[in-house]
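Participant: sequence and predicted structure below; questions after.
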Amino acid sequence: MTKPLSNEQYVEMINTAQVYQAAHRTALQHAPKLSKKLNRQIFLKREDQQPVFSFKIRGAANKIFTLTPEELKSGVICSSAGNHAQGVAMAAAARSIPAHIVMPISAPAIKVEAVESFGAKVTLHGDHYDEAQTKAYEIAEKEDLCFIHPFNDPLVIAGQGTIAKEILEQTDEIAAIFVPIGGGGLASGIATYAKTLNPNILVIGVEPEEAASMQKAFQENGPCEIEDVGIFADGVAVKKVGEETYRLCKEHLDEIITVTTDQTCAAIQDIFEDTRTVVEPAGALALAGIRKYFKENPESPLGSSSQTIAAIVCGANMNFERLRHVSERAAIGKDREALFTVQIPEERGSFLNFCATIGDRAITEFNYRSGHHKTARIFVGIENGGSADTRKEIINHLENSNYKATDLTENELAKLHLRHLTPGSDQHIKDERLYRFQFPERRGALRKFLEAIGEDFNITLFHYRNHGSDYGRVLAGIQVPDMQLAEFQDHLNTLGYKYWDETENEGYQEFLK
């Protein structure tokens, strides 16, 4: 077994990395508005300004420009859904060697076209990254191509580590670096370099709550697959981190923070307000981590007025169609909007009376449909004061005014689907169950989804909305008698779509049922 490289060897590899034939040195940019909000000096390391709008070009370039002509005689290959693919394609073009990129069928057209623009051959295979990677390994062996791993490779790690080298050259007042984690290549490269040269620098990793594969590895004392991987921050949606990246992160990271989709969207807005740049979700993770860190540690001495805190803005390959979803979730992520279901009297003047009860708070959303009973249910968004405590105040105020209200601000079903639906009718639908589905998004996907559900079970409710993501999200009400429930669940498991049974969700019970 090959002996792992030492920290000193990694520092030397980073200092001599061959990245600038394709990548370039990026700015460490002050974020004045966010610095004022947090009373800290926040700087953004603008890796979104790389030629492929992502830091991935560094690792790909270092690997490709370090290998010998003999090793690259047949060309290179990689599997990727986006940023790594573009990095490999561009670096290969810069060295004038052929590149073959295997991407999932669900990869957005904008990313496929970007890879092809560098002259790379693209093969679309599989519904997700793991299937694409398996295919890439098969092609690599068959055609004698050099496989460029996206993170678990010392040369790739060293390439990403040049970001830390630049930061230390750009400021001598660095107190902490917050870095996003996917497979761990970026975090391990930055942490190894920064902590070896200055152990007093805090290096904090940030992962999405729904794709916290490095945090899971820390808990299990080694890389292990997480069962479900959320795909909102697709640039870091990795089931299992690398052995080498885990080893380095375990040794050098001071902490790992996990953030929600809403917190990530709020950070995207923060970056836009300071730079007028729209970054992808993975690109905003580090800043989301900074916001969460200081919210939970308001008295922390970290980052006093004379110290710099850096957030790695790792990429900006955002599909334009996703912006509406990001905008919706950002307000919740900043605690500026709260979502509720409220029961109001079914009589004239009820809406006016409800608004009067709310007072000066702005109503951001109001969904209602007339019913036949004495009570109507509404779904309402209300301007919040910037904290969870304010939501409690709103609930207490409504209840003291004789309204029954339920807080759905943290309810994923409500945020993805309910806010786009009108309340349920008074008609009782027998044996209705509610399911939330996620399936690969591509042409014909919705039709195939409906065909897969089949005609044996009646659909009573259906909501689908394109979020500009690699995956489609559907909410479906389906009539399933108790005696057929086991059969239906077997059918769902055979389909292979990720799903959640939301029948007992309080949002469904209060608003749709």
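Facilitator: That came in fine, so what should we check first?
Participant: not counting stretch 502-513 itself, show me its contacts.
Facilitator: For stretch 502-513, the surrounding residues in contact (CB atoms under 8 Å, 6 or more residues apart in numbering) are 341, 377, 379, 406, 408, 411, 413-414, 418, 421, 423-424, 432-436, 461, 475, 477. All C-beta spots, glycine's among them, are computed from the backbone N, C-alpha and C.
Participant: would you confirm that F457 contacts I478?
Facilitator: Yes: using CB atoms under 8 Å, F457 is in contact with I478, at 5.1 Å.
Participant: common neighbours of those two, please.
Facilitator: Residues touching both F457 and I478 by CB under 8 Å, 6+ apart: F488.
Participant: domain-wise, how is the chain divided?
Facilitator: Following automatic domain parsing, one finds the domains of the chain at 7-55+153-330, 61-147, 335-410, 432-512.
Participant: span of the first one from start to end?
Facilitator: Taking CA to CA, to the nearest Å, the span from the opening residue of domain 7-55+153-330 to its closing residue is 39 Å.
Participant: and it, average pLDDT?
Facilitator: Taken as a whole, domain 7-55+153-330 has an average pLDDT of 92.
Participant: quick one: that domain to chain centroid distance?
Facilitator: 13 Å (CA atoms, centre = their mean, to the nearest Å).
Participant: check the second one too.
Facilitator: Put simply, domain 61-147 sits 23 Å off its chain's centre (CA atoms, centre = their mean).
Participant: looking only at pLDDT, what's the mean for it?
Facilitator: Here the average pLDDT along domain 61-147 is 90.
Participant: next: the third one.
Facilitator: Per-region confidence: domain 335-410 scores 82 on mean pLDDT.
Participant: would you mind measuring from A132 to F437?
Facilitator: A132 is 22 Å from F437, where distance means CB to CB, to the nearest Å.
Participant: more neighbours, those two?
Facilitator: The neighbour comparison of A132 against F437 (other CB atoms under 10 Å) goes to A132, with 25 against 20.
Participant: now do the helix or strand where that one lies: which elements does it pack against?
Facilitator: Using DSSP states H and E, A132 maps to helix 129-143. Contact partners of helix 129-143 among helices and strands, from 3 or more CB pairs under 8 Å, 6 or more residues apart in numbering; DSSP states H and E: strand 76-79, strand 99-103, strand 146-147.
Participant: let's verify K45: helix, strand, or coil?
Facilitator: strand (DSSP: H, G, I helix; E, B strand; the rest coil).
Participant: quick check: which element contains the closest residue to it other than its chain neighbours?
Facilitator: Spatial nearest neighbour of K45, chain neighbours left out: I312 (4.9 Å); criterion: CB to CB, 6 or more residues apart in numbering. Per DSSP H and E, I312 falls inside strand 308-313.
Participant: quick one: residues in contact with that strand.
Facilitator: By CB under 8 Å, 6+ apart, strand 308-313 touches 28, 40-48, 55, 163, 167, 171, 173-180, 186, 190, 271, 279, 283-284, 286-287, 289-290, 302-303.
Participant: of those, which belong to strands?
Facilitator: Using DSSP state E, the members of the contacts of strand 308-313 that fall in strands are 28, 41-46, 174-180.
Participant: before we move on, back to that, neighbouring strands - and their directions - for the strand holding I312?
Facilitator: When pairs are called by DSSP bridges, strand 308-313 turns out to pair with strand 41-46 (parallel), strand 174-180 (parallel).
Participant: want to throw the ones you listed into a markdown table with mean neighbour count and distance to R361?
Facilitator: A markdown table is the format used below for the strands paired with strand 308-313 (neighbours: other CB atoms under 10 Å; distance: least, CB to CB, whole Å):
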| stretch | mean neighbour count | distance to R361 |
| --- | --- | --- |
| strand 41-46 | 24 | 30 |
| strand 174-180 | 26 | 33 |
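Participant: could you dump those to a markdown table with distance to F351?
Facilitator: Formatted as a markdown table, those follow (distance: least, CB to CB, whole Å):
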| stretch | distance to F351 |
| --- | --- |
| strand 41-46 | 43 |
| strand 174-180 | 44 |
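Participant: L461 touches R436, doesn't it?
Facilitator: No: counting by CB under 8 Å, L461 stays clear of R436, with 11.4 Å between them.
Participant: for A476, phi and psi?
Facilitator: Main-chain dihedrals, A476, degrees, to the nearest 10: phi -140, psi 130.
Participant: pretty sure it sits against Y435.
Facilitator: Yes: counting by CB under 8 Å, A476 does reach Y435; the two are 5.4 Å apart.
Participant: look up phi and psi at the residue nearest to A362 when sequence neighbours are not counted.
Facilitator: Among residues not flanking A362 along the chain, E383 sits closest, at 4.0 Å (CB to CB, 6+ apart). When quoted as degrees, to the nearest 10, the phi and psi of E383 stand at phi -60, psi 130.
Participant: E383: neighbour count?
Facilitator: 17.
Participant: which residues are in contact with it?
Facilitator: Residues near E383 by CB under 8 Å, 6+ apart: 336-337, 361-364.
Participant: and what of I97?
Facilitator: Contacts of I97 were listed using CB under 8 Å, 6+ apart, and they are 64, 72, 75-76.
Participant: could you redo the last one with a cut-off of 7 Å?
Facilitator: By CB atoms under 7 Å, 6 or more residues apart in numbering, I97 lies in contact with 72, 75-76.
Participant: swap in G126?
Facilitator: Counting by CB under 7 Å, 6+ apart, G126 touches 104-105, 132, 135.
Participant: out of those residues, grab the one that's most surrounded.
Facilitator: A132 (25 neighbours).
Participant: surely that one and C78 touch.
Facilitator: No: A132 lies out of contact with C78 (CB atoms under 7 Å); the separation is 9.5 Å.
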